[in-house]
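Chemist: take a look and give me a structure for this.
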Amino acid sequence: MRILVVEDEHKIANSIKKGLEQERYTVDVSYAGDSGFDLAVTEDYDLIILDILLPEMNGIEVCTELRKRSIHTPILMLTAKGQIHEKVEGFNAGADDYITKPFAFEELLARIKAITRRPKQTVVSVYTVDNLTVNPQTYQVMRGTSPISLSHKEYILLEYMVRHKNTVLSKEQIIQHSWDYEADILPNTVEVYIGYLRNKIDKPFPSQKPVIHTVRGFGYKISADP
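Modeler: From the prediction side, this is the model:
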């Protein structure tokens, strides 16, 4: 899952980024409203954490303009303590939730999980591809009855693929959703990580059909059938 944090206080922004990355999220950070707006428009995020008091464009302006452009990415607003009018403005601008500074990281994480659980159509608690299961709440990965241990980045990549099972994903799409905006990614990085996943998910189970497939010239897909 990919999150954009727009917060001008570097210490807070970097602390949020570090905490979320430890929870297996991919995180980009912007320290100003205008640059945050540009990222939100040009990149694809699952959630935006947006401070209200920002230089260049404030959070209300950013939220309003995103909604005007029909960008419906969930937005969690950060507000100053006791500023009720800011909360009301945020909701009126199209924000989905708010959290008041200072806040405990555990509360922020709970609100993120609550927002991202809200269904567009249906609630998915566990993703399945053939007998491969991925639980995004517990981060547990199973092949049949066998648990599979993945690294932080391997899990992020796998979860993105299973959320888009049966869909061919280009290397660019995989990089965009599995690494942060400023990461220095080599051309064969995706191939390397796909290899890691195959070595853990497909090769140890020779009696099972492979679920990770290369679509030559296009990218990769995860599905029960080639």
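
Chemist: so Glu159 versus Ile12, what's the distance?
Modeler: Distance, Glu159 to Ile12, by C-beta to C-beta, to the nearest Å: 27 Å. For the C-beta atoms, the positions are set from N, CA and C on the backbone; glycine is no exception.

Chemist: those two: who's more crowded?
Modeler: Per other C-beta atoms under 10 Å, whichever of Glu159 and Ile12 has more neighbours is Glu159, with 21 against 16.

Chemist: that one reaches Tyr127, doesn't it?
Modeler: Yes: using C-beta atoms under 8 Å, Glu159 is in contact with Tyr127, at 7.4 Å.

Chemist: okay, and the common contacts of these two?
Modeler: Common neighbours of Glu159 and Tyr127, counting by C-beta atoms under 8 Å, 6 or more residues apart in numbering, are Val134, Pro136.

Chemist: can you give me the helices in the chain?
Modeler: Ranges of helices in the chain, per DSSP state H, are 10-22, 33-42, 59-68, 84-93, 105-117, 152-163, 171-178, 189-201.

Chemist: what helices and strands are in contact with the first one?
Modeler: Here helix 10-22 is seen to pack against strand 2-6, strand 26-30, helix 105-117 when contacts are counted using 3 or more C-beta pairs under 8 Å, 6 or more residues apart in numbering; DSSP states H and E.

Chemist: and for the last one?
Modeler: Here helix 189-201 touches helix 152-163, helix 171-178, strand 212-215, going by 3+ C-beta pairs under 8 Å, 6+ apart.

Chemist: got the angle for the lowest-mean-pLDDT helix or strand in the chain vs helix 59-68?
Modeler: In the chain, no helix or strand scores lower on mean pLDDT, DSSP states H and E than helix 84-93, which sits at a mean of 79. Interaxial angle, helix 84-93 versus helix 59-68 (axes from the mean of the first three to the mean of the last three C-alpha atoms, to 10 degrees): 10 degrees.

Chemist: contacts for helix 84-93 next, please.
Modeler: By C-beta under 8 Å, 6+ apart, the residues outside helix 84-93 that reach it are Ile52, Gly59, Ile60, Cys63, Thr64, Arg67, Met77, Thr79, Ala80, Tyr98.

Chemist: ok, which pair from those is furthest apart?
Modeler: Arg67 and Ala80 (22.2 Å; C-beta to C-beta).

Chemist: could you chop the chain up by domain?
Modeler: The record's domain parsing of the chain by automatic domain parsing lists 2-117, 127-222.

Chemist: winner for burial among these?
Modeler: Mean neighbours per residue, mean count of other C-beta atoms under 10 Å, is largest over those for domain 2-117, with a mean of 18.

Chemist: any idea how far apart the tips of it sit?
Modeler: In domain 2-117, first residue to last residue: 14 Å (C-alpha to C-alpha, to the nearest Å).

Chemist: roughly how far out does it sit from the chain middle?
Modeler: Averaging C-alpha positions (C-alpha atoms, centre = their mean, to the nearest Å) puts domain 2-117 13 Å from its chain's average.
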